[in-house]
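K.L.:
What follows is a protein structure lacking sequence information:
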């Protein structure tokens, strides 16, 4: 099939079968004509991130897992604690929610979460596997230092999964050894995901074999569905998920949709929704319905794969840069200012948050949606109280995970307000210094987030007796 004479608008004009064929060809190295344009849309840090298109052979997966074990001087992945953020951690959480024997990753600087990660497992942490393409992700890099400080003198072994070349304990994110992985689309084909799947003890070899034998059919169906969707306008993109869907999988789907599709074009402004078959279909809605998949590792891998291909195909047809989410730099660039911020913050109790949000938004009719983000030990809670108080669609999330699934989209959306809640500074002598460092960094991320969102954000500090409360405002 000849694509040499195609021009940019032709991506949206391709039928699903042709687009899937072109994706396969591009992932295999083709760069002439439209394949070159497609490869360029998948570039991140100078490399085309197309490792999500087709699974590598099983022998490469075995070799990648064995390499991690060898560097960590282990015979099994069970004693490994993964340190990661965003798509890397959400996908691993989806595994641990299905298979409790798999140790969940640690993606939070919340001291309580760090304590639980080190104390809750039946088997002591013998090694850390840090996942970051740049090896500079703030939370991941700091977690390696915090855990080393808490566990000395017997510090766990440390290995990194990364893009960058480095010492002998730095291994590639891709089983192929290529620069073809990116966090947004890193499941189920990255080494980070496959190590987590191995820890599930649920038969990674047969699950992978099933995907390897069926990926062409699954991918084709996903791209065919994407080809029916509009490549402009403001469609609702809804994922209809199985009853066994856990919190980690929901966050993975949110980050997939919001970071790949949102905030990149004024002519294509989709809204990402998670729902069930009973929900009323909105106008201009496109549904990926995977609700019938059974509860198994094989089904989870299929769900992740089909969702990634579907969303990437939507992005390509709209001419979006698939593998980048540039707006996250807006809060990262303000971290230095946040560290120096010495002003007192308005202090409230958790139960007061809905009324505080309502009062702030009273004279802001242009802000029609609200995200509440808690950078404290509080858990994610329902949004009903905020919706009632403000009269707006609301979501309640925990930071800094929110920064890795929704900040990019919210930053680009002038109609979304954000209420940031941080914990008070914790300098109690009884708290180990590494945990004080983690808590301070968590608070600084919250402050930097508020600074980045400017007039569309409000920040409050939870009173000491309220910090750590959960859904008391429901």
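P.N.:
On my side now, so go ahead. Just so it is clear, the model here is predicted, and its values are computed rather than measured.

K.L.:
Buried residues of the longest helix along the chain, list them for me.
P.N.:
In the chain, assigned by DSSP state H, the helix with the most residues is helix 204-227. For helix 204-227, a neighbour-count test (16 or more other Cβ atoms under 10 Å) marks 204, 207-208, 210-211, 215, 218-227 as buried. No exception for glycine: its C-beta is placed from N, CA and C like everyone else's.

K.L.:
Domains in the chain, by residue range?
P.N.:
1-230+290-324, 326-462 (automatic domain parsing).

K.L.:
can you give me the end-to-end distance of the shortest one?
P.N.:
Taking Cα to Cα, to the nearest Å as the measure, domain 326-462 stretches 30 Å from start to finish.

K.L.:
Could you give the separation of that domain from the chain centroid?
P.N.:
18 Å (Cα atoms, centre = their mean, to the nearest Å).

K.L.:
what pLDDT, on average, does it get?
P.N.:
Domain 326-462 shows a mean pLDDT of 93.

K.L.:
does residue 416 have beta-bridge partners, and which?
P.N.:
Per DSSP bridges, the residues bridged to residue 416 are residue 369.

K.L.:
burial count for it?
P.N.:
21 (other Cβ atoms under 10 Å).

K.L.:
could you list every residue that touches residue 444?
P.N.:
Residue 444 is in contact with 335, 338, 339, 341, counting by Cβ atoms under 8 Å, 6 or more residues apart in numbering.

K.L.:
Tell me the buried residues in whatever helix or strand it lives in?
P.N.:
Applying DSSP states H and E as the criterion places residue 444 in helix 433-453. Judged by neighbour count using 16+ other Cβ under 10 Å, the buried positions of helix 433-453 are 434-453.

K.L.:
Check whether residue 41 really touches residue 317, as I assumed.
P.N.:
No - using Cβ atoms under 8 Å, residue 41 is not in contact with residue 317, being 10.2 Å away.

K.L.:
Around the nearest residue to residue 405 once chain neighbours are set aside, count how many other residues there are.
P.N.:
Leaving aside its sequence neighbours, residue 405 sits nearest to residue 255 (Cβ to Cβ, 6 or more residues apart in numbering; 3.6 Å). The number of residues packed near residue 255 is 27, by other Cβ under 10 Å.

K.L.:
Repeat that for the one 3 residues further on.
P.N.:
Under the neighbour criterion other Cβ under 10 Å, residue 258 is assigned a count of 25.

K.L.:
how much space between it and residue 409?
P.N.:
Separation of residue 258 from residue 409 (Cβ to Cβ, to the nearest Å) stands at 4 Å.

K.L.:
Please identify every residue contacting each of those two.
P.N.:
residue 272.

K.L.:
which stretches of the chain form strands?
P.N.:
43-44, 47-48, 80-83, 127-131, 157-162, 170-172, 236-240, 271-275, 285-289, 347-348, 369-375, 393-398, 416-422, 457-462 (DSSP state E).

K.L.:
what distance separates the fifth one from the middle of the whole chain?
P.N.:
Right, the one you point to is strand 157-162. 19 Å.

K.L.:
name the helices or strands packed onto it?
P.N.:
helix 58-72, strand 127-131, strand 170-172, helix 191-199 (3 or more Cβ pairs under 8 Å, 6 or more residues apart in numbering; DSSP states H and E).

K.L.:
Give me the contacts around it.
P.N.:
68, 71-74, 126-135, 144, 148, 166, 169-173, 190-192, 195.

K.L.:
Determine the angle, from 0 to 180 degrees, between that strand and helix 58-72.
P.N.:
140 degrees (axes from the mean of the first three to the mean of the last three Cα atoms, to 10 degrees).
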